[in-house]
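Undergrad: Here's my sequence, what's the structure:
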Amino acid sequence: MNSLFCGDGVHTVPTSFLPNSDNNRTFARYFITMKAKVLFIASLFLLLSQTLAAQEQDTVQRKKTRIHVEHYDVATFSKSMGDMQRLIGNVKMRHDSAYFFCDSAYFYEKSNSFKAFQNVHIIVNDSVEVFSDLLDYDGNTRFAEFFDHVKLMDDSTTLLTEYMTYDRNLHLACYPDSATTYRGDKTLISCIGYYRDDIKEFSFFENVEVTSPKYQMYTDTLYYNTNIEKMWFEGPTTIINKENILDGEHGYYLVDEDIAFLDKRPVMHNETQRMKSDSMYYNRNIGLAKAFDHVDMIDTSYKVIMRGDYMEMWENRGFSFATDGAYAISYDGGDSLYIHGDTLFMHFDKQKEEVEKLIARRNVRFFKSDMQGKCDTLTYLMADSTIRMRVNPILWAEDSQMTGTDIDIKLKDKSIDWVLQKGNAFIISEDTIEGYNQIKGTDITSRFKDGNIHRVNVDGIKAETIYWIRDDDGSLIGIDVSNSETMVIEMENQGISVIKSFKAINETMYPEEDLKESSRYLPGFKWHKEARPIDKDDIFRRVEAEMPKAETVSESATQQAVAEEEPAALEKEQEEQPKRHRERKKLD
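TA: Next up is the predicted model:
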């Protein structure tokens, strides 16, 4: 790096502007004003001398060559003006391979320099030309100063400013006070800038703006190589397009491919969604954003956060997915729902820019204060607040464990409204002292009130229950075993108040000692206490369900009850009226 003292500040020049530099990507910070152009020019001479000294082994000192006057209409000379010649009309001069044109000029032969006036035009090489109203050129240093209506053209690039210097040795153009650059459909504005015409690279500093039909960019420092159509930016940067806004501190942009890469915690956001990560890749052509490490995706419309260490957002396809420690938070209200899975998908409405559903797949676990669960696939439909659990689902709500082939949960005001267990439905809760209360059926619908089950509908071919009936003092009255085609169970204060059984009713109340241990469990009984998430951090734990020792049974309780019934009594039971109401003591 080399320092230029300009105005009331210090300007650090990237070494990429110096010949034979090993590092063409050193970012520079600088401050510069127009208060002292003389210092700005002097600093460039200082930079040149420092560069030549530092690169003595790699740089051959150029031999000084003379400026040649090739044409003019009128020339005047006066001893009072020293060695200066005044050239007027269609002036043409040459210095090495560069040609200079102007309306008039002051030529100083001894000092090998000249000043050019009006319609100044320089052909630097095959691609670079410069225009201005005034020019001050030194042939010994090959250094030029341009004043007023300055225009630099290089192939399809045009730079406009009011003051610019150009060092032919370094192939370096500099402007200290604002310029506008045009290239194709892009317009670039900055307070200060450099241009290396040998490597076709710009450096823009302070209040940099890039506008095009596709995007707008605002940054503090921008490097733009037109050979490879690549931009590097540093400092607070904002990229705005039709779909979203990107904010970052450091990165690059591939102009032709419409691809951006940002690091240092970039953010992508629109009206309802916001994604933040350690680094981010964005391909606007295919609508793909990839975020890496500590990724947060927030949807403010449905108040959902999705997190992980890797995330992709497919704008055109309308979904995002996260992996590597992925989890989601539904945070509306004081009681948040935490969901973890190996992979999380967030599907959103592209028109409304809001989330439609959240899908978790493989090793799914979730936690909320009033419910917890695990399954292989979970779908959370935001619009109607429905959660669908598929493949080995288990739901815990208060003291109850619910299983089935499928489980659907309906939320209302962020609490459970009802739960539907479809296929092999099973509800288990631990008795207050010992044993397990159980409800089994093909399908079970449980309705909740104030966070607790208050009604259970058991449907299908066969509904079965085992309940431990206790007195108010906790002493055991008996173990009730019953089955029928369907049941409706009314709950109150987390205990049973009424059971209504319908068709093919069997019921037996057993003293504890008369019911075999193996018959105290309905077929398919499985207790998964150790698998239950205990807090929001526990959703990442993977635990196999543990079974109680008494799970392995040779004869179910209902089978024992049927075997003990007399055939005549069974027939009489089946002939009774279809409805039977049985009042019971409430269970604690």
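
Undergrad: Quick check: the gap between the residue nearest to the spatial centre of the chain and residue 239.
TA: Note on the chain: the residue nearest the mean C-alpha position is residue 275, at 3.2 Å, using C-alpha atoms, centre = their mean. Using C-beta to C-beta, to the nearest Å, one gets 14 Å for the distance from residue 275 to residue 239. (C-beta placed from N, C-alpha, C; glycine too.)

Undergrad: Read off the pLDDT value for the residue nearest to the centre of the chain.
TA: Note for residue 275: predicted pLDDT of 94.

Undergrad: Helices of this structure, residue ranges please.
TA: With DSSP state H as the criterion, the chain has helices at 37-54, 557-564, 567-575.

Undergrad: Of the ones you listed, which shows the lowest average pLDDT?
TA: helix 567-575 (a mean of 38).

Undergrad: Dump stretch 273-282 to PDB, restricted to CA.
TA: The C-alpha atoms that make up stretch 273-282 are tabulated as PDB, following Å, rounded to 0.1, in the frame of the first residue of the first chain:
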ATOM      1  CA  GLN A 273     -39.100 -12.200   5.000                       C
ATOM      2  CA  ARG A 274     -35.600 -11.700   6.200                       C
ATOM      3  CA  MET A 275     -32.600 -14.100   5.900                       C
ATOM      4  CA  LYS A 276     -29.300 -13.500   7.700                       C
ATOM      5  CA  SER A 277     -26.100 -15.700   7.700                       C
ATOM      6  CA  ASP A 278     -22.300 -15.600   8.000                       C
ATOM      7  CA  SER A 279     -22.000 -15.700   4.200                       C
ATOM      8  CA  MET A 280     -24.500 -15.800   1.300                       C
ATOM      9  CA  TYR A 281     -24.500 -16.700  -2.400                       C
ATOM     10  CA  TYR A 282     -27.300 -15.300  -4.600                       C
END
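
Undergrad: Low-confidence regions, the chain specifically.
TA: 1-62, 352-353, 493-495, 544-588 (pLDDT under 70).

Undergrad: Domain ranges for it, per the record?
TA: 65-139, 369-583 (automatic domain parsing).

Undergrad: mind checking how far the shortest one is from the chain centre?
TA: For domain 65-139, the distance between its averaged C-alpha position and the chain's averaged C-alpha position is 58 Å (C-alpha atoms, centre = their mean, to the nearest Å).

Undergrad: again with the last one
TA: Using C-alpha atoms, centre = their mean, we find the averaged C-alpha position of domain 369-583 to lie 43 Å away from the chain's own average C-alpha position.

Undergrad: need the contact list for the residue lying closest to residue 403 once chain neighbours are set aside.
TA: Among residues not flanking residue 403 along the chain, residue 426 sits closest, at 4.7 Å (C-beta to C-beta, 6 or more residues apart in numbering). Residues near residue 426 by C-beta atoms under 8 Å, 6 or more residues apart in numbering: 402, 403, 404, 438, 439, 440, 444, 522, 524, 525, 526.

Undergrad: follow-up on the earlier one: please list all residues in contact with the residue nearest to the centre of the chain.
TA: 267, 268, 269, 289, 291, 295, 296, 297, 298, 311, 313, 320.

Undergrad: Among these, which ones are in strands?
TA: 267, 268, 269, 289, 291, 295, 296, 297, 298, 311, 313, 320 (DSSP state E).

Undergrad: Out of the contacts of residue 275, which end up buried?
TA: Buried subset of these (neighbour count, 16 or more other C-beta atoms under 10 Å): 267, 268, 289, 291, 295, 296, 297, 298, 311, 313, 320.

Undergrad: which residues sit against stretch 377-393?
TA: Identification of contacts with stretch 377-393 by C-beta under 8 Å, 6+ apart yields 302, 304, 330, 339, 341, 354-362, 364, 366, 373-376, 395, 403-404, 406-412, 414.
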